[in-house]
Structures are given as C-alpha cells and as structure tokens.
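Enquirer: Need a 3D model of the sequence below.
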Amino acid sequence: MTKNPFLTKIVAGIVIACAVILFIWQASADHSSPVSETNAVTDAPALVSSSSMTARVIQVAGRSITVSIADTQSTRKRGLSGRTGLGPDEGMLFIFPEDDWYAFWMKDMRFAIDIVWLSSDGTVITIAPSVSPKTYPHSFIPSAPARYVVELPAGFAREYNLKMGDKVQL
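Expert: Now for the predicted structure:
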C-alpha cells in the first residue's frame, strides 16, 4: 500500500490544529469558578478586623500566621479583593467542602500574593509565588485537587523556604 503524501500532510495538520486548540482551551478554560472574584472593596489593613470573617492562627513554614477564614461561598468569592495589603504574618485560608481543582485569579486585587494549595491533610500541593494583580484575568490552578488554599504576602514562600510536600498546621 502506498501513502498519499498530500493526504498525510492534511491529516498531520488537522491533528496539530486539534492539539493546539485543546491546549489553548485547557490553558484558558475556567475549570471551576474563580474563588477570588469579587466586586466588594474594603480598605481594612488587618484581616482580623473584617466583621464578616473569623480568624485563627495556623503554622506555615514554622511561622504563626493569623488567617481570615473564607469558608462560605460569599467569603471565598470576596477573598482579599479590594484590600490594600497583608501584614507579614497575615493571610487568608480558604476552606472548601471537598478536594477539587480550585482556580484563583487576581480580580480587584491591589497587591501581589503567594497562593498555596493544600491537600486535606495540609500538605503543600502547589505554590504560585508573587502573583501580581497584573495577571488578571489569568486563572491559577493547582497541580492536583486541593482542599485548602492559603494566600500569603508575596515572597513569603521564597523567604521561608516553603516548598511542595511541606506540611501546614491548620
């Protein structure tokens, strides 16, 4: 059987075009709703002063971090959007009801942050370091399904040598 070179080129072109379209779709698709999306604005510099959120202390890279808890759809949607910054030992802990591919973006953010995805036992799955508000509308997703996400001041992971596989005490 002889091959038709013209037909082979057409089939190869179609396969490559499909692969490119699939890659672009996966890179830009919103696999889950971005949990940091908001239109709410608050200038409260300290997270614990937010009246609609509770706070607690967690251990990240051997440091005590006071985190606001985002465990409802509305608090997860609002996230840190609209705030002016985080103190060096402040952050936000997003708690989800099940493991999934939770996407985050920087809509209405005014400052860069480190985004850290955690498994159900607190193991660091993925770190997106120093994510700038200029990255909006790009969404960041973990490398595996996560149960928790911690947002920390930009550079925290680098400064305290936080890496994948480390445990965060929730």
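Enquirer: For the rest of this, base every contact and every neighbour count on C-alpha atoms.
Expert: Fine.
Enquirer: Quick check: Val67 touching Arg56?
Expert: Yes: if you go by CA atoms under 8 Å, Val67 and Arg56 touch, sitting 5.6 Å apart.
Enquirer: where in this structure is pLDDT low?
Expert: For the chain, applying pLDDT under 70 flags the ranges 1-52.
Enquirer: Show me the domain layout of it.
Expert: Under the assignment automatic domain parsing, the domains of the chain span 1-30, 32-159.
Enquirer: As a check, name the ranges of all strands in the chain.
Expert: 55-60, 63-70, 90-100, 113-118, 124-131, 146-153 (DSSP state E).
Enquirer: What are the contacting residues of the second one?
Expert: By CA atoms under 8 Å, 6 or more residues apart in numbering, the surrounding residues in contact with strand 63-70 are 47-48, 53-59, 75-76, 79, 89-95.
Enquirer: what do you get if the cut-off is 10 Å, keeping everything else the same?
Expert: Outside strand 63-70, the residues that touch it by CA atoms under 10 Å, 6 or more residues apart in numbering are 35, 46-50, 52-59, 75-80, 87-96, 148-152, 160, 168-169.
Enquirer: Same check on the first one?
Expert: Contacts of strand 55-60 from elsewhere in the structure, counted by CA under 10 Å, 6+ apart, are 47-49, 63-70, 89-93, 122, 124, 150, 152, 156-157, 160, 162, 166-170.
Enquirer: quick revisit: of Val67 and Arg56, give the one with the bigger neighbour count.
Expert: Each of Val67 and Arg56 has its neighbours counted (other CA atoms under 10 Å); Val67 has more, 23 against 14.
Enquirer: Quick check: bridge partners of the more buried one?
Expert: Arg56, Gly91 (DSSP bridges).
Enquirer: Could you report the separation of it from Phe111?
Expert: Val67 sits 17 Å away from Phe111, taking CA to CA, to the nearest Å as the criterion.
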